[in-house]
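# Give me a 3D structure for the following:
(2 chains, ligands or ions: 2)
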Amino acid sequence: MTDQREITLTVNGTERTIEVEPRRLLVHAIREDLDMTGTHIGCDTGNCGACTVLRDGEPIKSCMMFATQADGSEIMTVEGMEDLPAAGEDLHPLQEGFHKEHGLQCGYCTPGMLMSGKALLDENPDPDEAEIRDAISGNLCRCTGYQNIVSSIEYAAEKLDEQAAADGGVVAEDGDSDGFDCGVENCCGGPSAETPTPHVEGADPQFDDVTEGSESE
Amino acid sequence: MSSDSDFTTEPKEYQHDDDGGPQPEKHCGHGRGGMGEEVARKEDKRFITGRGNYVDDIKKPGMLHCEIVRSPHAHARVENIDGSRAMDLDGVVAVLTADDLLEHDLATMPTLMDDTQDVLVNEKVKFQSQEVAAVIAEDRYTAKDGAEKVKVDYEVLDPVVDAAEALEDDAPLIREELDDQEDNHIFDWDTGDKEATEEAFAEADVTVTEQMEYQRLHPAPIETCGAVADWDPGNDKMTVHMTSQAPHAHRTLFSQVSGIPEHKVRIVSPDVGGGFGNKVPIYPGYVVAAAASYVLERPVKWIEERSENIQTTGFARDYDMTGEIAATEDGVIQGVKVDVLANHGAYNAAAQPSKFPAGFFNIFTGSYDIEAAYGSLTGVFTNTAPGGVAYRCSFRVTEAVYLIERMVKVLADELGVDPAEIRRRNFIPSDAFPYESATGWNYDSGDYEKALDKALEMADYESYREEQKRRIEEDADKLLGIGISSFTEIVGAGPGKQCDIAGIEMFDSADLRVNPTGNAVLRVGVQTQGQGHETTFAQIVAEELGMDVDNIVVEHGDTDTEPYGLGTYGSRSTPVAGAAAAVAARKVRDKAKSIAANELEAAEEDIQWDRQSGEFHVAGAPDRSITITEIAAGAYMNHPGSEEPGLEATNYYDPPEMTYPFGSYIVVVEVDRETGEVDFEKFVAVDDCGNRINPMIIEGQIHGGLAQGIGTAMLEHVTYDDNGNVTGGDFMNYLLPTANEIPNFETGHTVTPSPHHPIGAKGVGESPTVGSPPAIVNAVVDAMSHAGVTHVEMPMTPDRVWESLNEAGLALDPSQNVSFDFEGGQSEGPADD
Ligand code: FES
Ligand code: FES
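Ligands and ions are numbered 1, 2, ... in the order given. As a prediction, this is how the structure comes out:
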């Protein structure tokens, strides 16, 4: 309890500074210190993916990382989906897809699925079924049998494609459109609250291992 | 039960597309959204935006956290518990043991089978990870630190984990605290006519026998169990937010355990992240959290970790079964016998609200017209976690369906008759309903051949049979197997004459209140864990009152506001609470007629309701009409003198009989002769759940259940070693299927309404979990049956399948095709699974 560290996370575009024990898991910091309970916990072995968030644009299992390790990074959770430019006035196409295609039942895996789906579409706007299944294979769903989740992500891919076409060309979905965009808010090309940070992909190789290891289940 | 006049006649009106033709267009709140429409779910928004409210999301001022200290041993005497080092930690508030609970009379709790389970171990540990002590602390991490510092001294005893070994004379006695318990035997049960069955076997042309194990599974919803208990000393009231599939039943049990009067107990089941039977029983964690809150007068949260969930809360199945069939040489079944050894774990804690010790297992004659049937079953204590819950299953029907559908395949292979054909020869004919089975069940309706025909056609059965033959002839590396299951479920527990929980009959309830502005609130006694009740129950009311589905809100899960109900499991929500909702809506409709008469200045007998328009009008004068919205206003602002003001009704529905959904599933697999790996080529599921409320939600339920069926058949198993250590007790070792293991499903349906259900519906949630495992095993066996394979045990891991291939002389030596480029690299046997 005594040894507390101050860390700063940019969560869904807003900078938040909190004090945490060095051993505190990122998922607990998000859920309990930042009170964003959309991100869930479903296991103690890094298998279920209910805790998936985007860290600097990459999907990670936030139960597999200490909050202190995430110090300085950009975190996106389900709560940030509606604020993305692609959401327009309402829901993000991924959220809309899950609703229209009945991609959720109890909803417990859904925030993690949305994050994995977002990471996939940021990187591959036109995935085939096998690629979608692979991208969500680190996220367990006990309710849906996955088929409708696949359809939900396909729905979103189409919708985002239509949006891009309507905007007259290939536009990164989060981008305010000048140049390269990694898809992360407040990162290189992403929508920025204030000062855009330099692109940070692969900034933390140790962390990449965690992601890979846990995704391969 | 309802005396409503439309009781038996209305179901037929809902038959939207009997042939499973194109569905009505997806409906997103633009029409009325009644029966049969694919209304997108009303509850989705909070889940897709991260605004769901699950138990672990609840935070209360001053809330403490509870961590449970668990036994590393499966069988051991507790000699001493020393919590002093835990208490020395900053932030640890209390360490609780059985002694503390004894002071408050909370040391034990009843199971759903009238056994008594320790809340915290009093004297003896009976399974690994059993609850020994609890640490209450200011935060999660400190509670865990504290739990590590609690020192427990054990005298380790020999455990027994295998049910057959537990019955041996020299087996360690697990439950010596029970009076008269001299061995590990719990009960014997038998059903059917033994003599008639023996006679059928004596006279039969052919008999077949097969032993099969339905392995121990865990429902493993992605949200584990948990609770936030909050004792309010100012009002002497206990509020528990908990992961509950049956909040009212839990309130009654909580009150009985704690002695707090029931009207001072409030159970709230908020959003629940999947249940599947796991959240039906009461677990020690709930009781400890409540006891701690009572003693400390602060809210206490207990949240289980995944490994605790799999290792200690209700497992499912664990039936070792021997089936036998007697038949004529033409394959007409004359008798069926089954003998079961049931591992119940350390306590008899099956979630089993029927009046039979093995639930509805006695439906094991399945979809077939079998004259003589006899089943016997022995329940046994072992040093394993207690359970026997109905994992997405109506109380052991899953085991029964597995048995009969496997046995029919064994018989077909013995006689060399096509497995589809042998089913046809034995189906209960469609004109024989209502049908009474040899074990006394009264089937409501069915048309089994129609469902099978449809599935065969969808699966292109004949051409797969040809392809299968071709591959055998060509000695192909990959064999094809085609498996069928034509199951009948028994759901909708249940009639008071057959079902109760702690003596309370298993009716369910609905309370419908129409507001002055014409919208309505429906409160139900069942509880959704993802089934979509907030949408489907609103659709029932929309249908019955001519309201728009968007104008109806469904509330559930809070015992302070909802009418008493028995909860959601066993596919009982639609058969029981769905009926209650329909009947309550019809009562409102009756009252609405008198208000309509008043408003339209006509006689009440002349008022008619039109289902199509949803309006009330004067007979013979359709333009003199009035909507339910206008009637609602009238009920509050201009009520007729003959009626009370207001527009509401309540119904408690005791179903007259169970309902019997059915279906035919066809699975085509490819079996790799080198590796024993199984690939799904085709997966067809034709279901008949009577009249359909929301086809989209039904299809979602089918998909989910089929995926669980695949998990059962291919991956899942809670395993123990001989020392009683759980070796399949977390998500590293208890494997849930991922998106990569699940194929796409092709679904179809037929519609055979239930004649005794107010809206002709039967319930569907569990059919796919119940019906699919035998279809999958039949398919894998079918790939090898030409070489004499009759059975493969679940989960059918590649090594097990390869063993069967090998024994049948079908295995290919993998080393022939694999080259190793490292020194000394040699491989024998199957490739790594
Ligand atoms: S909580 Fe299961 S992977 Fe993070
Ligand atoms: S919707 Fe329940 S776990 Fe996926």
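
# distance of the residue in the stretch 601-750 of chain B positioned nearest to ligand 2 from A:Gly145?
Residue nearest to ligand 2 within the stretch 601-750 of chain B: B:Gly704 (7.9 Å; CB to the nearest ligand atom). To be clear about C-beta, it is placed using only N, CA and C from the backbone, and glycine gets the same treatment. B:Gly704 is 5 Å from A:Gly145, where distance means CB to CB, to the nearest Å.

# what about the strands in chain A?
For chain A, applying DSSP state E gives strands covering A:5-11, A:14-20, A:52-55, A:58-61, A:74-76.

# any chance of the ones you listed in a markdown table, plus distance to A:Ile132 and mean pLDDT?
Formatted as a markdown table, those follow (distance: least, CB to CB, whole Å; pLDDT from 0 to 100):
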| stretch | distance to A:Ile132 | mean pLDDT |
| --- | --- | --- |
| strand A:5-11 | 27 | 98 |
| strand A:14-20 | 30 | 98 |
| strand A:52-55 | 15 | 98 |
| strand A:58-61 | 13 | 98 |
| strand A:74-76 | 20 | 98 |
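
# Tell me the residues on chain A that lie near ligand 2, please.
On the criterion CB under 6 Å from any ligand atom, ligand 2 has as its neighbours in chain A the residues A:Leu104, A:Gln105, A:Cys106, A:Gly107, A:Tyr108, A:Cys109, A:Thr110, A:Cys141, A:Arg142, A:Cys143, A:Thr144.

# Outline the domain layout of chain A.
A:5-80, A:84-167, A:169-217 (automatic domain parsing).

# thinking again about what came up before, tell me which of the strands of chain A sits most buried.
Across those, averaging neighbours per residue (mean count of other CB atoms under 10 Å in any protein chain shown) puts strand A:52-55 on top, at a mean of 28.

# Give me the sheet partners of that one and which way each runs.
Looking at strand A:52-55 with DSSP bridges, its partner strands are strand A:58-61 (antiparallel), strand A:74-76 (antiparallel).

# and the ones you listed as JSON lines, adding distance to B:Val684?
Formatted as JSON lines, these follow (distance: least, CB to CB, whole Å):
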{"stretch": "strand A:58-61", "distance to B:Val684": "34"}
{"stretch": "strand A:74-76", "distance to B:Val684": "40"}
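
# show me where pLDDT drops low in chain A?
Counting by pLDDT under 70, chain A shows low-confidence ranges at A:1-2, A:169-217.

# What segments of it are helices?
Ranges of helices in chain A, per DSSP state H, are A:26-28, A:93-100, A:110-123, A:129-135, A:147-166, A:205-216.

# Tabulate those in CSV, adding columns for mean neighbour count.
As requested, these are exported to CSV (neighbours: other CB atoms under 10 Å in any protein chain shown):
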stretch, mean neighbour count
helix A:26-28, 23
helix A:93-100, 25
helix A:110-123, 26
helix A:129-135, 18
helix A:147-166, 20
helix A:205-216, 14
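
# To B:Glu131, which of these lies closest?
Checking the helices of chain A against B:Glu131 by CB to CB gives helix A:26-28 as the closest, at 23.5 Å.

# okay, the domains of chain A in CSV with distance to ligand 1 next?
Conversion of the domains of chain A to CSV gives the following (distance: least, CB to the nearest ligand atom, whole Å):
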stretch, distance to ligand 1
domain A:5-80, 3
domain A:84-167, 8
domain A:169-217, 6
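
# Show the contacting residues for the residue of the stretch 601-750 of chain B closest to ligand 2.
Residues near B:Gly704 by CB atoms under 8 Å, 6 or more residues apart in numbering or on different chains: A:Gln105, A:Arg142, A:Cys143, A:Thr144, A:Gly145, B:Pro768.
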